[in-house]
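1. fold the stuff below for me.
(chains A and B)
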Amino acid sequence: MNPRLNPKLYTKKVELAAARSGVGQGLVEAGKRDKNIVVLCADLAESTKTHLFAEKFPERFIECGVAEQNMMSLAAGLAREGKIPFVASYAVFSPGRNWDQLRTNVCYNNVPVKIVGSHAGISVGADGATHQALEDIALCRVLPNLIVLIPCDALEAKKACLAAAKVKMPVYLRLTRPKTPIITTPRSPFKIGKAQILNPGKDATVCASGPLVYDSLMVAKKLKSESISVEVINNHTIKPLDKKTIISSVKKTGCLVTVEEHQIAGGAGSAVLEMLAENFPIPAERVGMPDAFGESGEPRELLEKYGLCCSGIERAIKKVLKRK
Amino acid sequence: MASKELRKKANLIRQDIINMVAAAGSGHPAGALGMADIFAALYFKIAKINPKRPNWPDRDRIFLSNGHICPVLYATLARRGYFKTEELATLRRLGSRLQGHPHRTALPGVENTSGPLGQGLGQACGSALAARLNNKKYHVYCVMSDGEQDCGSTWEAAMFAGKNRLSNITAIMDRNNIQIDGYTEDVMPLEPLRQKYESFNWRVIEVDGHNLDEFIGAANRARKIEEKPVMIIAHTVPGKGVSFMEYDYRWHGKAPNGKEAKKALKGLNAIMDKLK
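-> Predicted coordinates:
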């Protein structure tokens, strides 16, 4: 068993937890360590789990109302005075609605504001397309100075939150809504910009971001019985991308599948393929939303419908293997 | 500094604005000229600042929300001693610290990056809130335009400041009645501005933005008002001091050519002579 991985990962007993809960706990811990941490929220304290911080540190919790644009500007103002502000909302609103403030007030100013975009991806479920952020990685990864993180589970979300609090730069932290399998352990390493090979392989590389890392690992296990050896990378940092780990993996396997809960245009897959096109071009397939808006439904139903699941990943691997 | 001396400073700032914008061949002269008196008062009389220590932690913060009037900011900072006046000629040039819209880390004395409208007051609120959390006594000024009262984000910030009783903020609105597409009341009617801010839990003081004693009195009063943020609505003349630019919205974002600049400087020099 890979010591980075939850011992129960490949069993039916694998624990489930929401990434946003991990960040909720991370914020409380960060708040204890550093009194300059402040949390801003736009009328979504419980959904974003920032209510945990609010209960512990009411004087450092700033309720902004449904005013995401002002929330981002406020955070920039606080950050320039030495505070470390976390702004939390749904990703469609932040960095969706307030992208201009993110760009000018935060990134161009290069002040250490941390943007927590919860409810990203189609797994938002029943709320439907309006609330399913499928464009936020694209919006964020084009901004100079901004670090973009996509934790794969609740434990990693907590670590990403603590790492974001320490780094003196703006950070976007992308989270999904539902409870998803715990892939890592409390002791698994997490370092911004350092992707992890969670399953070594030699025939194909799967570079996944977010909770779909779990599905990718399940597919790798299944294909092992078909004598296909799949290397699975947890690509949790989209910017700065871990070029070294990704390039050395595809040099070994010769083909790649990227996996994410985001539009295939402009997301994590695009980031990886842009980099490889310049460094080591190989056949590749992207698993993601096919230039479409989502819809209402149960998270699992939606993920299956759009192929953001084991069967979709398996299809992509078999397709790319034929192109080698 | 006596108000006559301040008027001389404002005149020099206006001359700088004309020279800078004419040399750059682009920029926004009307709003900049209209705010020269207020900038002279803020930087030479009202605000607690130290040009030798631009990052002094206890300095008053002066945010500029409508960044396009930055020629007046740059000229004032140079005249106040933040950098040499010779550098003003580099406005909008490649490699210059005087960007077309101001950038916080580029130039000492610039407190915030601005250009996209409606974002200064929110940042000023963040700074004011930080002062409260950090037990700091500095005062936060936010210079705004009337055109950016069109922006929803301005009112988000106004609501936040009212809710949190950010009495350490004094906002100063340049009520010059013009914006790019025409007169404000034609483009998007703003009145009644006083009642709007009062209903957002602000104290409002209206002044003639070219009457220095009146403005300084209002700013001093504003610092003493507790429990509420203060909006000073400063009625100004766009293009003030340059006869052919005054009141004309077409000079919002157009540079004078060489001949026009010469004429403008002649007029400003005549005003200066009367001050001596």
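
2. quick one, helices of the stretch 151-276 of chain B?
-> Here the stretch 151-276 of chain B has its helices, by DSSP state H, counting those that start in this stretch, at B:152-163, B:184-187, B:193-199, B:212-224, B:258-275.

3. A:Lys191 - that's part of a strand, no?
-> No: counting by DSSP: H, G, I helix; E, B strand; the rest coil, A:Lys191 falls outside a strand, being coil.

4. before we move on, what SS does the nearest residue to it once chain neighbours are set aside have?
-> Among residues not flanking A:Lys191 along the chain, A:Ala163 sits closest, at 7.4 Å (CB to CB, 6 or more residues apart in numbering or on different chains). To be clear about C-beta, it is placed using only N, CA and C from the backbone, and glycine gets the same treatment. Recorded secondary structure, A:Ala163: helix (three-state DSSP).

5. low-confidence ranges in the chain?
-> By default, I'm working from chain A. Within chain A, the stretches with pLDDT under 70 are A:1-3.

6. domain parsing for it?
-> Following automatic domain parsing, one gets these domains for chain A: A:17-181, A:196-322.

7. quick one: the longest one to chain centroid distance?
-> Between the mean C-alpha location of domain A:17-181 and the chain-wide mean there is a distance of 12 Å, by CA atoms, centre = their mean, to the nearest Å.

8. near chain A, which residues of chain B?
-> Counting by CB under 8 Å from any CB of the partner chain, the residues of chain B close to chain A are B:103-105, B:111-116, B:118-119, B:121-131, B:133-134, B:152-153, B:156-157, B:159-160.

9. before we move on, the earlier item: out of the domains of chain A, nearest to B:Pro189?
-> Proximity to B:Pro189 (CB to CB) singles out domain A:17-181 among those, at 22.4 Å.

10. so the closest residue to chain A within chain B: helix, strand or coil?
-> The minimum distance from chain B to chain A, using CB to the nearest CB, falls at B:Gly126 (2.0 Å). Following three-state DSSP, B:Gly126 is assigned to helix.

11. for chain B, longest helix please?
-> helix B:3-24 (DSSP state H).

12. give me the next element, helix or strand, following that one.
-> Using DSSP states H and E, the helix or strand that follows helix B:3-24 in sequence is helix B:29-34.

13. who's in contact with that next one?
-> Helix B:29-34 is contacted by residues B:14, B:17-18, B:21, B:66, B:68-72, B:145, B:174, B:176, B:178, B:209, B:236-242, B:245, B:248-249, B:251-252, B:254-256 when judged by CB atoms under 8 Å, 6 or more residues apart in numbering or on different chains.

14. and what of stretch A:57-64?
-> A:31, A:35, A:37-43, A:45, A:50, A:53-54, A:70-71, A:74, B:129, B:133, B:156, B:160.

15. quick check: A:Ala75 vs B:Val110, distance?
-> 19 Å (CB to CB, to the nearest Å).

16. so the two - more neighbours on which side?
-> Taking neighbours as other CB atoms under 10 Å in any protein chain shown, A:Ala75 and B:Val110 compare with A:Ala75 leading, 35 against 25.

17. any chance you could map the helices in the stretch 201-324 of chain A?
-> Along the stretch 201-324 of chain A, the stretches classed as helices by DSSP H, counting those that start in this stretch are A:212-224, A:243-253, A:268-279, A:299-305, A:310-322.

18. repeat that for the stretch 51-200 of chain A.
-> Under the criterion DSSP H, counting those that start in this stretch, the stretch 51-200 of chain A contains helices at A:51-56, A:68-79, A:99-101, A:136-141, A:154-166.

19. name the element B:Ile62 belongs to?
-> With DSSP H and E as the test, B:Ile62 turns up in strand B:61-64.

20. partners of that strand in the sheet?
-> Paired strands of strand B:61-64, with direction, are strand B:140-145 (parallel) (DSSP bridges).

21. circling back to that earlier point, among the contacts of stretch A:57-64, which ones are buried?
-> Taking 16 or more other CB atoms under 10 Å in any protein chain shown as the criterion, what is buried in the contacts of stretch A:57-64 is A:31, A:37-42, A:45, A:50, A:53-54, A:70-71, A:74, B:129, B:133, B:156, B:160.

22. return the residues in contact with residue 103.
-> As the question left the chain open, I've gone with chain A. Contacts for A:Arg103 (CB under 8 Å, 6+ apart) come out as A:Leu143.

23. actually, chain B is the one I wanted.
-> A:Tyr108, B:Val110, B:Thr113.

24. next: A:Asp34.
-> Listed by CB under 8 Å, 6+ apart, the contact set of A:Asp34 reads A:Ile84, A:Ala165.

25. next: A:Pro299.
-> Each residue near A:Pro299 by CB under 8 Å, 6+ apart is listed here: A:Ile122, A:Ser123, A:Val124, A:Gly125, A:Arg177, A:Pro178.
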